[in-house]
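One predicted model, sequence on top.
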There are 2 protein chains.
Amino acid sequence: METTTDNQKVRITKKLEKMFGHIDYKNPPELCPVRDVMSVASDQWSVLIILWLGYFETLRFNKLKKFVYGISNKVLSQRLKVLEADGYLSRKAYAEVPIRVEYSLTEFGHSYVEKLLELTEWMQMNSPKVMENREKYGLI
Amino acid sequence: METTTDNQKVRITKKLEKMFGHIDYKNPPELCPVRDVMSVASDQWSVLIILWLGYFETLRFNKLKKFVYGISNKVLSQRLKVLEADGYLSRKAYAEVPIRVEYSLTEFGHSYVEKLLELTEWMQMNSPKVMENREKYGLI
DNA sequence: AAGAGTAAGTTACAAAAAGTAACCATATGA
DNA sequence: TCATATGGTTACTTTTTGTAACTTACTCTT
């Protein structure tokens, strides 16, 4: 396993300082945009939707539903609306019969995929370790 | 705004290929460990708990609750249990009166903080843009 | 000596979110 | 003619969250 060096720790502490150092937790803001934005973008289903769109460039509703397996129509359509509103993806409807709707990432969405991939790669690499921890914990 | 270059796009596509290329979406696994691990680790409250612990090294229950403002006792204690089980943090109880309990990140937790920080920095940088998108969308 | 405060949670109940499955209109293919 | 496909929506159920009061045992204040 990769361990964190002292150098890295110093760097991390500086970043955390920059991020949290100024927060007055005694008078917390009633609403924090970063939290808000993050809760949408790092949502379980949103992440899968964005990654699959990054992979295929463009996908229609039912195709997307097949790849993001397990998601319901309701939640998929809801998430697509929110992700569109937040600027990650765009929706194009073609006046055919039956109607054809195509979803694809915006430029902004693509820039997010890059960040997201780093996280998911980490998850993929470390999930065996987490599962192992989880089992050990259960035995105690 | 930073745009994604063609070079980056090729790199991203390769990563996505590696991540998704082998998935048989017609016979999806009934449970995917990566999804599972990620849904715990990228949960809204978990992220805040981990980042504050990264900042302070060690925190007690009520102190943590003040920093992660808005979280309830119930959810905080539940998340702490899960994050402990998954190996991100450890809990030390001292047999004093009243009892003292200290939470701190494990080495694994620290390695996660580093990845997490990259994501949260991106969020911090881009949340104004998202808020802007959201407002425009509302007007349409 | 009575009452409040502190610690780290737990518990019962209410509200919000998510999952389930049927349904919509319209048209094509068997 | 009946089933299928399109992109969702709707009513209903189940799960997850949030709210607020309570716990145990000791100390500090009045």
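Sure thing, it's come through. Numbers count the residues shown, from 1 in each chain, chains lettered A, B, ... in the order given.

pLDDT (mean, whole number) over the host helix or strand of residue A:78?
Element membership of residue A:78, judged by DSSP states H and E, is helix A:73-85. pLDDT averaged over helix A:73-85 equals 97, rounded to a whole number.

Just give me how far it sits from the chain centre.
Centroid separation for helix A:73-85 versus its chain: 14 Å, with Cα atoms, centre = their mean, to the nearest Å.

which secondary structure elements does it contact?
With contacts defined as 3 or more Cβ pairs under 8 Å, 6 or more residues apart in numbering or on different chains; DSSP states H and E, the packing partners of helix A:73-85 are helix A:44-56, helix A:61-67, strand A:89-94, helix B:107-139. C-beta here means a position set from N, CA and C on the backbone, and glycine is covered the same way.

Give me the buried positions along that helix.
Neighbour counts over helix A:73-85 (16 or more other Cβ atoms under 10 Å in any protein chain shown) mark A:76, A:79, A:80, A:83, A:84, A:85 as buried.

ok so, going back, buried deepest among the helices and strands packed on helix A:73-85, which one?
The densest packing among these, expressed as mean neighbour count by mean count of other Cβ atoms under 10 Å in any protein chain shown, is seen in helix A:44-56 with a mean of 22.

what sits up against it?
For helix A:44-56, the external contacting residues (Cβ atoms under 8 Å, 6 or more residues apart in numbering or on different chains) are A:40-41, A:59, A:64, A:67-68, A:71, A:75-76, A:79-80, A:82-83, A:88-89, A:103-105, A:109-110, A:112-113, A:116-117, A:120, B:12-13, B:16-17, B:19-20, B:35, B:38-39, B:42.

With just CA atoms, put it into CSV.
Output of helix A:44-56 as CSV, limited to C-alpha atoms (Å, rounded to 0.1, in the frame of the first residue of the first chain):
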residue,chain,number,x,y,z
GLN,A,44,-24.1,8.2,-6.7
TRP,A,45,-26.3,8.2,-9.7
SER,A,46,-25.1,11.5,-11.1
VAL,A,47,-21.5,10.1,-11.1
LEU,A,48,-22.5,7.1,-13.2
ILE,A,49,-24.6,9.2,-15.6
ILE,A,50,-21.7,11.6,-16.2
LEU,A,51,-19.1,8.8,-16.6
TRP,A,52,-21.2,6.9,-19.1
LEU,A,53,-21.9,10.0,-21.1
GLY,A,54,-18.2,10.7,-21.0
TYR,A,55,-17.6,7.3,-22.5
PHE,A,56,-20.3,7.4,-25.2
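
ok and it relative to strand A:89-94, angle-wise?
With axes from the mean of the first three to the mean of the last three Cα atoms, to 10 degrees as the criterion, the two stretches helix A:44-56 and strand A:89-94 enclose an angle of 70 degrees.

any idea of the angle helix A:44-56 forms with helix A:107-139?
Using the same axes, to 10 degrees: helix A:44-56 against helix A:107-139 is 130 degrees.

Hey, what's the angle from helix A:44-56 to helix A:73-85? Just curious.
In terms of direction (the same axes, to 10 degrees), helix A:44-56 departs from helix A:73-85 by 70 degrees.

got a list of contacts for the helix or strand of chain A with the lowest mean pLDDT?
Considering only helices and strands, the least confidently modelled element of chain A by mean pLDDT, DSSP states H and E is helix A:6-20, at a mean of 91. For helix A:6-20, the external contacting residues (Cβ under 8 Å, 6+ apart) are A:4, B:51, B:52, B:54, B:55, B:110, B:113, B:114, B:117, B:120, B:121, B:124.

Can you read off the pLDDT for the fifth one?
Looking at residue B:55, its pLDDT reads 96.

Could you do the third one as well?
Per-residue confidence (pLDDT) for residue B:52: 97.

State the distance from it to DNA strand D.
16 Å (Cβ to the nearest atom of the strand, to the nearest Å).

Residue numbers of chain A in contact with DNA strand D?
By Cβ under 7 Å from any atom of the strand, the part of chain A that sits against DNA strand D consists of A:60-63, A:73-74, A:77, A:80, A:91, A:93, A:98-101.

and these, which two are the farthest apart?
Comparing all pairs in the residues of chain A next to DNA strand D by Cβ to Cβ, the longest separation belongs to A:74 and A:100, at 21.0 Å.

Assign the residue lying closest to residue A:70 once chain neighbours are set aside to helix, strand or coil.
Counting by Cβ to Cβ, 6 or more residues apart in numbering or on different chains, the nearest residue to residue A:70 once its immediate chain neighbours are dropped is residue B:28, at 7.2 Å. Secondary structure state of residue B:28, per DSSP: H, G, I helix; E, B strand; the rest coil, is coil.
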